[in-house]
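**Student:** sequence and computational prediction follow.
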Amino acid sequence: MQVEGSVNGNPCHLTVDTGAEKTLVRPDMLATTRIPDAPKRLCGVTGHCVQLKGPVDVSIGVGRAVERLPVYVADLDKPCLLGLDYLTQSKACVNLGRKLVRVRGQEVPLLPEVGCAEVVVAERVHLAPRTEARVRCRLSRAMRGSEGMVEPTENLRLADSVVFGWSLVQVGEELVMVLVANLSNEARKVPAWAKLATCEEVERPEETLGSAEVAVMRPLPDFLEDLGNRSAANLMEAQTEKVRHTLAQYVDVFRRGDMDLGRTGFVKHSINTGTRQEMQRIVNELAAQGVSERSDSPWSSAVVLVKKKDSTQCFCVDYRALNDVTARDSYPLPRIDDTLDALVGAKWFSTLDLKSGYRQVEMAVV
């Protein structure tokens, strides 16, 4: 039995279990991951046991009634299992005849039961390397709905590198087709009557696509007509209408032609240069010292940071392109004896050096 409800404000289906002493929740329904282990285990009829965690205080809502109580945490198939502790605290009463549960005087309808069946392979299957195939399977019981969600069993054991995923199938017939893939470089076999998965009926509204909606459905543009036909190749008429309706609804998502590139804003690519912040700091410092200024000159040159021996960064300008077009200014060095003769008669000697001569010599304006 299930009812619509919430755990800590998160909407979900709550399973009413009058045979459970304590209320259990699944870990993903809680915001925190730091939950202590409890000295208790949850054991099923098959003897398989699961370690419990907690207890933790949570708020469970059914209808307008919200109860705060300590619950245990366990890996469950369902989001939350309401035990006797919750039913007692909330003064809940289950009325199977009217298919409702009364919580604090408020009547909340039970959700319709969803059928479930096992999916077994109808005949032995040979899978070629690196291929996938649609495998004919049988359901262990007849199902009332028209569609079912097939999901792998918890302890699914197939040949190495053979995988099986979730799929939506038509359950109105005795046989269903599911997709199985062989990811290895060798052939694999799936034996007959192997249990692949479980199939659960899909709950759907009574009318997904009303007649009024069909009447105003826009025709597919020419550039989507081929996609619509290929997508509906193996579908029934009602499914084909749904596919075409979805394509018409999201027509702006598809490319109209070779020149229609389009773009997405869901993700944005960023390039981390690693040194941009340091470069910007040095540029701001040079501007503050009056060494550099903003310019739109065509003779701009790239800058690079070079790591020095003391691990600091040296700000360098790549002037190779400028040097390639600069006229050579060559002249001989002065004679050493002439330089020494110039010091004759001097008694005091000193040396002077610019702090940053490369940036302290003025540039001539051309």
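**Tutor:** Ah, there it is. None of these values were measured; they are calculated from a predicted model.
**Student:** so where is the protein shaky, pLDDT-wise?
**Tutor:** 32-33, 42-49, 112-115, 142-146, 153-159, 171-174, 203-218 (pLDDT under 70).
**Student:** wait, V243 sits on R230?
**Tutor:** No - with contact defined as C-beta atoms under 8 Å, V243 and R230 do not form a contacting pair (10.2 Å). Where C-beta positions appear, they are placed from N, C-alpha and C, glycine not excepted.
**Student:** what about the two, which has more around it?
**Tutor:** Between V243 and R230, counted using other C-beta atoms under 10 Å, the more crowded position is V243 (16 against 8).
**Student:** Validate this expectation: the more buried one resides in a strand.
**Tutor:** No - assessed with DSSP: H, G, I helix; E, B strand; the rest coil, V243 is helix; it does not lie in a strand.
**Student:** if I look at it, how far off is L322?
**Tutor:** Applying C-beta to C-beta, to the nearest Å, one obtains 63 Å for the distance of V243 from L322.
**Student:** helices of the stretch 201-350 of the chain, start to end?
**Tutor:** Assigned by DSSP state H, counting those that start in this stretch, the stretch 201-350 of the chain shows helices spanning 211-215, 222-231, 237-249, 276-288, 320-324, 336-341.
**Student:** what strands line up against the helix or strand that contains Y72, and which way round?
**Tutor:** Applying DSSP states H and E as the criterion places Y72 in strand 65-73. Strand pairing for strand 65-73, determined by DSSP bridges: strand 24-25 (parallel), strand 49-62 (antiparallel).
**Student:** can you name the element that comes right after it?
**Tutor:** Next helix or strand after strand 65-73 toward the C-terminus (DSSP H and E): strand 80-82.
**Student:** sorry, back to before: ok, which of the strands paired with strand 65-73 comes nearest V135?
**Tutor:** When these are compared by C-beta to C-beta, strand 49-62 sits nearest V135, at 31.0 Å.
**Student:** just how off-centre is that closest one within its chain?
**Tutor:** Per C-alpha atoms, centre = their mean, to the nearest Å, the displacement of strand 49-62 from the mean C-alpha position of its chain is 27 Å.
**Student:** now do the buried residues in it.
**Tutor:** Neighbour-count burial for strand 49-62 flags L52, K53, G54, P55, V56, V58, I60, G61, V62 (criterion: 16 or more other C-beta atoms under 10 Å).
**Student:** what sits closest to the third one if chain neighbours are left out?
**Tutor:** Spelled out, it's G54. With C-beta to C-beta, 6 or more residues apart in numbering as the criterion, G54 has its nearest non-adjacent residue at 4.4 Å, and that residue is Y72.
**Student:** and the gap between the one you found and Y358?
**Tutor:** Between Y72 and Y358 the distance is 72 Å, computed by C-beta to C-beta.
**Student:** more neighbours, those two?
**Tutor:** Taking other C-beta under 10 Å, Y72 and Y358 do not tie; Y72 has more neighbours (20 against 8).
**Student:** relative to H126, which of the helices of the stretch 201-350 of the chain is closest?
**Tutor:** Among these, helix 222-231 sits nearest to H126 (C-beta to C-beta), with 28.0 Å.
**Student:** show me how far the closest one is from its chain's centre.
**Tutor:** For helix 222-231, the distance from its own C-alpha centre to the chain's C-alpha centre is 29 Å (C-alpha atoms, centre = their mean).
**Student:** kindly report the same for stretch 298-307.
**Tutor:** Between the centre of stretch 298-307 and the centre of its chain there are 40 Å (C-alpha atoms, centre = their mean).
**Student:** try stretch 341-355
**Tutor:** For stretch 341-355, the distance to the chain centre is 73 Å (C-alpha atoms, centre = their mean).
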